[in-house]
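> Okay, predicted coordinates and the sequence, questions at the end:
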Amino acid sequence: MTETEQNPLSRWQRLLYDKTPIFVAPEKPDWFVPGPTADALLRNPLGNSGHPLSLELLALQTACGETHPYLGRSSHLSLNGLKECWFHLTNRCNLACKHCLFSSSPKREESIDPDLLAKGIQEAREMGSPLFYFTGGEPFVYPGFPELVKELLTDPETHVVILTNGLLLEENIELIARLDTERLHLQISLDGLADHHDLLRGKGTYKRLMSALETLAARDVPATLSVAVNRINYKDLPAITELAAGKNISNLHFLWHFVRGNGCPEQFVDPAKIFPELVKAHQIAEKNAVIIDNIENIRSQVFSSPGTRFDMSNAGWESLAIGPDGNIYPSPAMVGLPEIVCGNLASGLKNVWQESPVFKAVRKATVLDSSADRPLRFITGGDDIDHSYMRGGKFTGHDPYLPLYESIALWLIATRSEKYPIRNPGEIRLRMGDVRHDCPDGGQDVSLTHCNCVISLAGDHGHHSVREFYARAAETTNKEIVNPFIPARSGLDFIPSASRNRSYGCGSPVHDAQPKPGETLVDLGSGSGVECFLASAAVGREGRVFGIDMTREMLDLAEKSKLSVIEELGYDNLQFTYGFLEDIPLPDCEADVVISNCVINLSPDKRGTLHEIFRILKPGGRLVVSDIVTDHSVPVQIKNNEQFRGECLGGALQQIHLLAMLRAAGFQATQLLKRFPYRMVGDTRFYSLTFSCHKPAATRKCEVIYRGPLEGVCLPGGVFLAKGVKATVEIESTIGLGDEFFVIDSQGRTANSSAQDSCCGLSGGGLAFSLPAFSENQDSTDNCCGQVGKGK
């Protein structure tokens, strides 16, 4: 037996950020944050007083599964097309900045020949690139540049990114303002507050830049501010963030200093000094709806699916750069380095990309080449090849900012875990995969990071792809996800066919929830409204039904059908509301019952969703859900596929993780009501599971004996009952105890058995846990049935 088989925790390393324990499985990769009791159990399983069952449950949750040897990204990836192409148009610039890695200035003359530029753009398009970056020098000093951008954007699939110092924007504002700013992205350099910016870029440049930013804002042209972080300006990061918010700029990018060209070693600042300023900047950014894309990029990696390996940047795989002399390089920061030249445009862009020894060396590089003592290497993606090469002459092993990426990752995990209340300290508080962002890799075995020169072009924190999927499904029926229960159900004639035909799901939680007259029911992900309409009839005129959905097209469909439904029912107790499962627009303790039909799997924060449901339920309220589960972990090729995510497969939870998540959120008395095969993808079988659970209400103590047939059972809270042993337990009053238990009253009598539980042969009848009141001073002459003895 291997060490891993003997101890499933052997693959995990315990790290500590501040006071938050974070367990990491480096090779998978995976991570989780345990509650305090769970942490104590995991650190010392043999010397802990917790019940073995608690440790067994934790061991099942933390099992990594089989991990195949990883041989590097070149064993998993292939050249499937170019996704972006950079053009370093010129070394000429209207400024001569003291930290410029290309030493650009007004005196430099090197610029790409227009015919060569046109050739490069055409060949990049033929290779599949929809995205073009233009940098320098200053792109706006290149002759005919504004007209070039205008021409490129005539293709509706093309995006253009311009890296500029911003000082020539005002004289080009008329043309820029007429372009499609959804596909034109400006990244403007701001290197500190006034004194520091002018020190690096020249006297008066700060004031001119502020004027340009005001002009852009007046014409509703969005932009990103880019800060080259160095020893001079790193303490300005919080103030720069406030400035961005004040200028209505919603995106910030921090470029870590390169020691190259005019960038000298004295300007380098220790990443350990940058990190606290970055955290301060982020706190300001969150309050002002400003995105710091360096943080968001790492966030998307940290909160990806377990097993998603990030192995260095996309340079050479999906991206390349072309210099002013037509030479081709792996990345824009390497332009001008003679030993890194991959070839020239004259030899054909595709040929150089496929055959260059330099490109092949870049693609062969992997995080495996660097130090193995970095447990987060497959989460951060390891070294940035530009920083590593500038520092140590190799693509891996020398990135001085790697500790910064790791600090950001641990900080993001720790701060996210703090958002979830600790209702069950013996459970996992947060784990990799609970929170998701939209994933761009299309289900590849290995994912790639991006070079540090670039802005982020998209966001929406995980909702976008799902929302678009269901917006289309609201307009045209998607037969792959139509609820199999709805067509077979009777009594639906009062619901318009437009809603019935677009009812998507995998079960019927409203039926299993059995809503009662006068109750308040909430349907999360209400879609076309069918479950809400059924609930509306069940709760009656005095009840209320809320449907929550994030897809406006679905809400519109439900509202149209509602008109017919309320006419048929004769009353209106329905309200459809736009909202997210992670932030339900309802007050605390509002609902008697919450249902959801195949929607929680779509949430980018499933754990947060369950905590929100707990918040809006009344004490004693119930949650009934139909959703998709698996018995084993879902392969990353399925999890990271947008189509499978929309079809409720990519976000499906492993059943044991779902149950643990419910316990951690505070729910009790979970019951698996129905389970049947749903779909099969490759070797992975998915099941439709309907389950129920309760938010605890008042508790009471009682004595019970477990009757069998098992050797013992575990009650909520981890209390273990061995068969035949009388124990005093505290049970939530809404939980039913069936015939498997004797409930003992104060006189030692069995109060609830439906078997012949008295010497008189009288049956007590099945009983939920709400016990009858027994008098403490009941007549001792009563027999076991509570009846006074009688003569024959």
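Arrived safely.

> could you measure Trp31 against Ala346, distance?
48 Å (C-beta to C-beta, to the nearest Å). The way it works is simple: take the backbone N, C-alpha and C, and place the C-beta from them, glycine included.

> let me redo that: Leu95
31 Å.

> Compare these two (neighbour count), which wins?
More crowded of Leu95 and Ala346, by other C-beta atoms under 10 Å: Leu95, with 18 against 11.

> which residues of this protein score low on pLDDT?
1-8, 45-56, 64-67, 438-443, 454-492, 496-505, 716-718, 732-737, 753-792 (pLDDT under 70).

> Phe426: what's its closest spatial neighbour, skipping adjacent residues?
No Phe there; residue 426 is Gly. Using C-beta to C-beta, 6 or more residues apart in numbering and skipping residues adjacent in sequence, the residue nearest Gly426 is Thr37, 4.1 Å away.

> surely that neighbour meets Ile428?
No. Contact criterion C-beta atoms under 8 Å: Thr37 and Ile428 do not qualify, at 11.0 Å.

> Any buried residues in stretch 616-634, and which?
Buried residues in stretch 616-634, counting neighbours by 16 or more other C-beta atoms under 10 Å, are found at 616-618, 621-630, 633-634.

> chain center to it: distance?
Distance, stretch centre to chain centre, for stretch 616-634: 19 Å (C-alpha atoms, centre = their mean, to the nearest Å).

> residue ranges of the strands in the stretch 451-600 of the chain, please?
Using DSSP state E, counting those that start in this stretch, the strands of the stretch 451-600 of the chain run over 520-524, 544-549, 574-578, 591-597.

> Tell me where the stretch 201-350 of the chain has strands.
Counting by DSSP E, counting those that start in this stretch, the strands of the stretch 201-350 of the chain are 224-229, 251-256, 291-292, 309-313, 319-322, 327-329, 343-344.

> which one of these lies closest to Asn452?
Nearest of the strands of the stretch 201-350 of the chain to Asn452, taken as C-beta to C-beta: strand 251-256 at 5.9 Å.

> circling back to that earlier point, neighbour count for Thr37 and Ile428, which is higher?
When neighbours are counted by other C-beta under 10 Å, Thr37 and Ile428 differ, and Ile428 comes out ahead with 26 against 19.

> How about the contacts made by Met127?
Shown in contact with Met127 (C-beta atoms under 8 Å, 6 or more residues apart in numbering): Gly81, Leu82, Leu349, Lys350, Trp353.

> Put the buried members of those into a PyMOL selection.
Selecting just the buried residues from those in PyMOL takes one command, with 16+ other C-beta under 10 Å as the test:
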select buried, resi 82+349+353
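
> Identify the farthest-apart pair in the contacts of Met127.
Gly81 and Leu349 (12.4 Å).

> can you map out the helices along the stretch 1-150 of the chain?
3-6, 36-43, 52-61, 114-126, 145-152 (DSSP state H, counting those that start in this stretch).

> Next one: Asn44 from Leu9, what distance?
Asn44 sits 11 Å away from Leu9, going by C-beta to C-beta.

> more neighbours, those two?
Legend: neighbour count by other C-beta under 10 Å for Asn44 and Leu9, higher for Leu9 (19 against 9).

> would TSV of the strands of the stretch 201-350 of the chain with distance to Asp195 and mean neighbour count be doable?
Shown next, in TSV, are the strands of the stretch 201-350 of the chain (distance: least, C-beta to C-beta, whole Å; neighbours: other C-beta atoms under 10 Å):
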stretch	distance to Asp195	mean neighbour count
strand 224-229	15	25
strand 251-256	19	22
strand 291-292	23	22
strand 309-313	34	25
strand 319-322	33	26
strand 327-329	35	24
strand 343-344	43	18
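
> Can you give me the buried ones in stretch 271-286?
Result for stretch 271-286 [16+ other C-beta under 10 Å]: buried residues Pro271, Ile274, Phe275, Glu277, Leu278, Val279, Ala281, His282, Ile284, Ala285.

> Then stretch 411-425?
Under 16+ other C-beta under 10 Å, the buried positions of stretch 411-425 are Trp411, Leu412, Ile413, Ala414, Arg416, Ser417, Tyr420, Arg423, Asn424.
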